[in-house]
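Trainee: I would like the atomic coordinates for the input below:
(chains A and B)
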Amino acid sequence: MCRILDLSLVSNSLRLMVFCLFILNLQGCAAMKSLQEKSWLFPGHPEEAIERNRFPVAKGVDVIGRLAVVRLEEGDTLPDIARHFSLGINAISDANPGVDVWVPEDGERILLPLSFILPDAPRRGIVVNLATMRLFHYKGDSKSLVVSTYPVGVSTEERPTPTGQTHVARKVTRPTWHVPASIAADHRKKGDILPAKVPPGPENPLGEYALYLGKTSYLIHGTNKPASIGLNATNGCMRLYPENVKMLYKDTPVNTPVAIVNQPYLIGQRDGVLYLEAHTPPEGLSTGELERINAKLRTIEKKAAQTLDWKKVKEVQTEARGIPVPIFELRPGSLNEVANPIKVQHPDTLYGRPEIPELTMEGWYVLVADLRDEIDARRLAAIVNHQGPPIPARVLSKNSSYRVIAGPFSDISQAKDAVKRLKYDLDLDGVVIEPVNKG
Amino acid sequence: MKKSLMLITMMLVLPMTLIGCATSGDLEKVQAQQKLIDAKAEQALQDSQAAKAAADAAKLEADQANARAAEAEKAAAERERIADEKAQRADAAFQKSMRK
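Mentor: Reported below is the predicted structural model:
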């Protein structure tokens, strides 16, 4: 009797255990399924890296790369993010309208415009599009064409870079800068006397590498002002980030053809989708270029025997965010296959970000400004930090005042040199501060 | 003849007196009613004036609140404009500093 009772008890417990295991298994399956679905729809972990410079170019494809997003962290500036991802300041600020370049909010999502429409030019050698401030270097033949692309700093309106065809005439590492008379005169007006030539080093605006073009006195070179990439800041030359010009220099033989174009509106196709990329056109170029691109779109519309969404076209052209926007299906259903921007993990350190040394009691400092508004102070400190060569600066707050302090400098002459540069470059009146502990 | 005249006079005077008595009573009644109505009218007028004053005060308050809100909005827009201008000036100075 006892034995029978025991067996039934064991059997009941076993049944209960089996039932529980069954339920747990079911839950496990459901959880796994939801996890798989979730990861397919929303990549849970952001990508650690994304291609920024080198892309294969398939036949009949005009659009390369992929858009990405990154979440800002405390102390980030858009120029730092731009440099890390090989973008110019123009590209990152146009793609993110309304975001403060120097003092963006922590946690803000930033669109990285790492997708480009290739310029309407032969795909050989170097092609520079002045309007988009981007250089494209084609290598290989039509069967295995690869393009390396880098952001550039280009000319101001006063001294524009001439468009047209040229070539790389010679290459020089650690070039000497022979100061042009026009630049010497500009500096003289501000009371800054430049030498006739500047040797290689941190003061040399050509950086470490230079490609001299067939058009005399026009160069593709590096820079000692990396934050100028993506700006109209040169006297006709095209400057690249130091790390980019190094790659370009290595990859480019003498006599490589160079085409310089000025195309603010670009159209191109990929995977059966027609894209339009619009940039703010330089003054005097807008109407003609707009007519040219709209005529092209009308031809495509006619060929496809479908109506284009002209409202959207106009919107893209007006917004001028500098990113390829899908506007037309060349193959039915292709618009549904357009990939969403990829989420990229914020790197631990941003490449090329200016470093600010620790405060020392023995160092010399410069009081750059005493401001009431914290944002203004942080913006000014960031601007000073991004000078070339950099001037380390930080904000020290006291009661309701925010002081922008540059330094530390090892001696008084360095501090005075910083005061001079702040005056010439930013029209700021810095005040030298003696060390707390005088050696 | 005198008697007839007297009779006629009496016949005329009596009703007239009676009518006159009735008229003065009515008049008093009417006057009392008028007083009451007048008092009511006065009260209504006072009430309406009070309501109007209250409405005016409320409108004034609303207007003032609106004006304050508009002022605050204007001030915020002005602050934003100044901040934008400052940022633009800073950017322009920075861009200039990036030249050779």
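Trainee: ok and the residue in the stretch 151-300 of chain A nearest chain B?
Mentor: Residue of the stretch 151-300 of chain A nearest chain B, by Cβ to the nearest Cβ: A:S228 (3.6 Å). Where C-beta positions appear, they are placed from N, C-alpha and C, glycine not excepted.
Trainee: now that residue: closest residue in space, sequence neighbours ignored.
Mentor: Of all residues not flanking A:S228 in the chain, B:M98 sits nearest, at 3.6 Å (Cβ to Cβ, 6 or more residues apart in numbering or on different chains).
Trainee: check residue 19 and give its pLDDT.
Mentor: As the question left the chain open, I've gone with chain A. For A:F19, the pLDDT comes out at 57.
Trainee: sorry, I should have been clearer: chain B.
Mentor: 57.
Trainee: what's the answer for A:S34, then?
Mentor: Here the pLDDT value assigned to A:S34 is 40.
Trainee: and for B:E42?
Mentor: 80.
Trainee: so it is in which element?
Mentor: helix B:2-97 (DSSP states H and E).
Trainee: could you do A:L396 as well?
Mentor: Using DSSP H and E, A:L396 falls in strand A:393-398.
Trainee: could you point out which element follows that strand?
Mentor: Taking DSSP H and E, what comes next after strand A:393-398 is strand A:401-409.
Trainee: residue of the stretch 251-400 of chain A closest to chain B, please.
Mentor: Closest point on the stretch 251-400 of chain A to chain B, by Cβ to the nearest Cβ, is A:I383, at 4.8 Å.
Trainee: confirm that residue sits in a helix?
Mentor: Yes. Membership of A:I383 in a helix is supported by DSSP: H, G, I helix; E, B strand; the rest coil.
Trainee: so who does A:I110 touch?
Mentor: A:69-72, A:78, A:81, A:92, A:96, A:99, A:104 (Cβ atoms under 8 Å, 6 or more residues apart in numbering or on different chains).
Trainee: list, one by one, the residues from the stretch 201-350 of chain A near chain B.
Mentor: Within the stretch 201-350 of chain A, the positions adjacent to chain B are A:205, A:225, A:227-228, A:231-235 by Cβ under 8 Å from any Cβ of the partner chain.
Trainee: most neighbours among these, which one is it?
Mentor: In terms of neighbour count, A:A227 stands highest of those at 31 neighbours, by other Cβ atoms under 10 Å in any protein chain shown.
Trainee: what is the neighbour count of the nearest residue to it once chain neighbours are set aside?
Mentor: Using Cβ to Cβ, 6+ apart and skipping residues adjacent in sequence, the residue nearest A:A227 is A:H386, 4.0 Å away. By other Cβ under 10 Å, the residues close to A:H386 number 25.
Trainee: show residues contacting stretch A:208-218.
Mentor: A:161-162, A:164, A:166-175, A:180, A:200, A:219-222, A:236-238, A:242, A:245-246, A:248-249, A:252, A:258.
Trainee: now restrict those residues to buried residues only.
Mentor: Neighbour-count burial (16 or more other Cβ atoms under 10 Å in any protein chain shown) applied to these gives A:161, A:166-169, A:171-172, A:175, A:219-222, A:236-238, A:242, A:245-246, A:248-249, A:252, A:258.
Trainee: report the contact partners of the nearest residue to the residue of the stretch 251-400 of chain A closest to chain B once chain neighbours are set aside.
Mentor: Once flanking residues are discounted, A:I383 sits nearest to B:F94: 4.8 Å by Cβ to Cβ, 6+ apart. Residues near B:F94 by Cβ under 8 Å, 6+ apart: A:227, A:383, A:386, A:426.
Trainee: show me where the stretch 201-350 of chain A has its helices.
Mentor: Counting by DSSP state H, counting those that start in this stretch, one finds helices in the stretch 201-350 of chain A at the ranges A:242-251, A:286-304, A:310-319.
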